[in-house]
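K.L.:
just coords:
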């Protein structure tokens, strides 16, 4: 790992070039998204830009993070829309009242950070938060789809807005629809376009840029009527972005006239909860992808974001949040320090001053389609599937919270969702209300230190989201780098949010050199195979093996292999392979081990759970893989099936530094496989005629070398028993050729 960048002014001097280069890419993405978020929230377009600028210029001066980017995010859209509606008294001051709520929520947020209450976000149940985000996605989609079609729904009900979108589709303005569909196609296929030119700018900028020629072609600058398929449609400047000539003209100030009303405080606390939870979750997600593995001071970050939100509210901006997409772009483009966030604020200020004449030529539907795409991703079928995969009860929590939020507001949705979780937990634990809370708060959970310096954490009672703060307080007594065994055998129930916390602690402690093992769940059952799923204790029942586990156990007995169905949290070795360097591994289980005795090569086949993506967008996958320990040095390489799509991307792959190594004498092999690695000469020497013919004549697997071992797997799914046997045979035959 490189030397950790310096902080403060020394870091600015040392890394200004790399931070500035990263900030350019971030600012290009932030410009259209900030405008679009503000428009989607029913706020003036410049309020989003003000928020992004303040998020860069002000938040950077007092923050706990290193490479995260701050600005407006989609999570605030629902809150702002709600506040404008409930505080609209006909005076034209609705948004000014919302700005007052922004200031107050920022002040409370800053105080929470100073009181070191940043970790309170951990107690909010994961599925409830995902349900709220899905509801926000539906709200965004339902509102912006009409802008993208140039239709209008008068109903205040979100579901009716969706119904109206379908009903009014025949009335959609085709000239607006053409621009929207072009933008949607760009968003869908931007990453799949092979021409390097299209990757010089992020997809949102292309959507905005390519919408402008349509504006000129259809002449949106003059009020007029155009015909299409025998029908007349009105077009004109009302379809374009309207921003003032001067930034000073865009500044708005808060009006505290509603501060004594319940609507005001509902808006304040909805805003506070959503922005705090999302910011803290994003901060932790950014820490995971920071190449220097630096940790965010969550309390300081909360205070900094709160103070910046107050500043933004006073000049007409939206609440400020740590944003995952822009933070990821920042890191991937080489940002080293927090100053990249300040640079992107300066650049946005420069862009909006210099590009204002151009921005006034952008149609509103171009911004709308960006938000429609974002809203769909927040509530897509895959999100529902993910909730179901986490457990049947999690889908109930998710949908219950989402529906409640859609028909009421974010605060009621959050509180109602948490109440639904609590009631379900009580029913599953089969306990009365007093007994349930006694087992949460008086559970006799204890931490013991052994003579060898290791720790045993004995968790008892009900381990759900309400108990996270208590166990966190206990865990602060464990020093970094210490070995810890977390025993859950005496728990009656372990909730998913609690398991999330334990697994995150496991990863953090291992990063400091300590070993952490989570045990005692053998007698617990759940409605899902997801390793963090809610688990109920069956103290009177023995652990039941699935049919697949029984077949694996029988195979081990028959062939003299070793088999265990126990979860093994020690997956550090797999991080030495490139595939898992960039994908967090959670656990391995159903481990089958053996040795090819005549070769003295040991192997292991295991089911592995890993994550793809970060924070709220993360997906969990399971696959069965084989680790072949060769006990000899081989070149480092990656080899996988070369699909038609990947052939189209050869130029893009070359641009990122990778090169497909082909063998002219073996065209079938070269057509089948994408072979990559840094030392081409060593790789060519390793791939002998016999090994190449072996790969040509056998099933195609993903195969990767870390220099001393291979991992082999087929698809991102669990293998059947016959596929496991085939994998063992494949590994033995390959190892034999390597040792010849």
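P.N.:
Received it, and whenever you're ready, just let me know what you need. Everything numeric here is computed off the predicted structure, so don't read it as measured data.

K.L.:
give the contact list for the closest residue to residue 432 other than its chain neighbours.
P.N.:
Spatial nearest neighbour of residue 432, chain neighbours left out: residue 426 (7.9 Å); criterion: CB to CB, 6 or more residues apart in numbering. The C-beta positions use only the backbone N, C-alpha and C, and glycine is treated the same way. By CB atoms under 8 Å, 6 or more residues apart in numbering, residue 426 lies in contact with 432, 433, 436.

K.L.:
got it, and residue 463?
P.N.:
Contacts of residue 463 by CB under 8 Å, 6+ apart are 443, 471, 488, 491, 493, 494, 495, 498.

K.L.:
which residues in the stretch 251-400 of the chain form helices?
P.N.:
Secondary structure of the stretch 251-400 of the chain (DSSP state H, counting those that start in this stretch): helices at 262-289, 298-315, 324-332, 339-354, 356-359, 364-378, 381-389, 392-407.

K.L.:
Can you tell me what sits against the third one?
P.N.:
Applying CB under 8 Å, 6+ apart, the set of residues contacting helix 324-332 from outside is 22-23, 25-26, 29-30, 33, 67-69, 71, 202, 282, 285-286, 289-291, 340-341, 344, 614-617.

K.L.:
and those residues, which are buried?
P.N.:
By neighbour count, with 16 or more other CB atoms under 10 Å, these hold 22-23, 25-26, 29-30, 33, 67-69, 71, 202, 282, 285-286, 289-290, 340-341, 344, 614-616 as buried.

K.L.:
what pLDDT does residue 582 get?
P.N.:
Among the per-residue scores, residue 582 holds a pLDDT of 69.

K.L.:
how about stretch 148-165: buried residues?
P.N.:
Buried residues in stretch 148-165 (16+ other CB under 10 Å): 148, 149, 150, 151, 153, 158, 161, 162, 164, 165.

K.L.:
can you list the weak-confidence ranges in the stretch 101-250 of the chain?
P.N.:
Along the stretch 101-250 of the chain, the parts satisfying pLDDT under 70 run over 194.

K.L.:
Same check on the chain?
P.N.:
Ranges of the chain meeting pLDDT under 70: 1-2, 194, 539-544, 582, 613-618, 642-659.

K.L.:
Counting residues, which helix of it comes out longest?
P.N.:
The residue-count maximum for a helix in the chain (DSSP state H) belongs to helix 8-40.

K.L.:
what angle separates the helix or strand following it from helix 298-315?
P.N.:
Next helix or strand after helix 8-40 toward the C-terminus (DSSP states H and E): helix 45-57. If you take axes from the mean of the first three to the mean of the last three CA atoms, to 10 degrees, helix 45-57 sits at 140 degrees to helix 298-315.

K.L.:
Phi, psi for residue 633 please.
P.N.:
Torsion angles at residue 633 (phi, psi; degrees, to the nearest 10) stand at phi -80, psi 130.

K.L.:
quick one on the thing from earlier: can you say which of the helices of the stretch 251-400 of the chain is nearest to residue 221?
P.N.:
Distance to residue 221, taken as CB to CB, is lowest for helix 356-359 among the helices of the stretch 251-400 of the chain, at 12.5 Å.

K.L.:
Name the residues of the closest one that are buried.
P.N.:
Result for helix 356-359 [16+ other CB under 10 Å]: buried residues 356, 359.

K.L.:
picking that back up, would you tell me which one of the contacts of residue 463 comes nearest to residue 390?
P.N.:
For the contacts of residue 463, the nearest to residue 390 is residue 495 (11.4 Å; CB to CB).

K.L.:
contacting residues around the closest one?
P.N.:
Per CB under 8 Å, 6+ apart, neighbours of residue 495: 125, 421, 425, 463, 464, 465, 534.

K.L.:
Now do the same contact list for the last one.
P.N.:
I take that to be residue 534. 391, 393, 394, 428, 493, 494, 495, 496, 499, 526, 527.

K.L.:
Repeat that for the fifth one.
P.N.:
Under the criterion of CB under 8 Å, 6+ apart, the contact partners of residue 464 comprise 421, 425, 440, 493, 494, 495, 497, 498.

K.L.:
Which of these fall in helices?
P.N.:
Among the contacts of residue 464, the members falling in helices (DSSP H) are 421, 425, 440, 497, 498.

K.L.:
Reformat those into a markdown table and put neighbour count and distance to residue 335 next to each item.
P.N.:
As requested, those are exported to a markdown table (neighbours: other CB atoms under 10 Å; distance: CB to CB, whole Å):
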| residue | neighbour count | distance to residue 335 |
| --- | --- | --- |
| 421 | 28 | 38 |
| 425 | 22 | 42 |
| 440 | 21 | 42 |
| 497 | 25 | 31 |
| 498 | 28 | 34 |
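
K.L.:
now those in a markdown table, with distance to residue 131?
P.N.:
Formatted as a markdown table, the ones in helices among the contacts of residue 464 follow (distance: CB to CB, whole Å):
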| residue | distance to residue 131 |
| --- | --- |
| 421 | 10 |
| 425 | 16 |
| 440 | 22 |
| 497 | 13 |
| 498 | 18 |
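
K.L.:
quick one, what contacts residue 153?
P.N.:
Neighbours of residue 153 in contact, by CB under 8 Å, 6+ apart: 146, 160, 161, 164, 165, 168.

K.L.:
Could you look up the SS state of it?
P.N.:
Under DSSP: H, G, I helix; E, B strand; the rest coil, residue 153 falls in the coil class.

K.L.:
Tell me how far it lies from residue 695.
P.N.:
To residue 695, residue 153 is 58 Å away according to CB to CB, to the nearest Å.

K.L.:
And residue 127, by the same measure?
P.N.:
44 Å.

K.L.:
ok, the two, which is more surrounded?
P.N.:
residue 127 (27 against 21; other CB atoms under 10 Å).

K.L.:
Now do the contacts for that one.
P.N.:
Neighbours of residue 127 in contact, by CB under 8 Å, 6+ apart: 387, 390, 394, 397, 398, 401, 417, 421, 496.

K.L.:
tell me the secondary structure for it?
P.N.:
Per three-state DSSP, residue 127 ends up helix.

K.L.:
For the closest residue to it other than its chain neighbours, list the residues it contacts.
P.N.:
Closest residue to residue 127 in three dimensions, ignoring its sequence neighbours and counting by CB to CB, 6+ apart: residue 397, at 4.0 Å. For residue 397, the contact set (CB under 8 Å, 6+ apart) comprises 125, 127, 128, 131, 387, 417, 420, 421, 424.

K.L.:
any chance you could map the helices in the stretch 401-550 of the chain?
P.N.:
410-429, 433-441, 468-475, 496-511, 547-559.

K.L.:
of those helices, which approaches residue 378 most closely?
P.N.:
helix 410-429 (13.7 Å).
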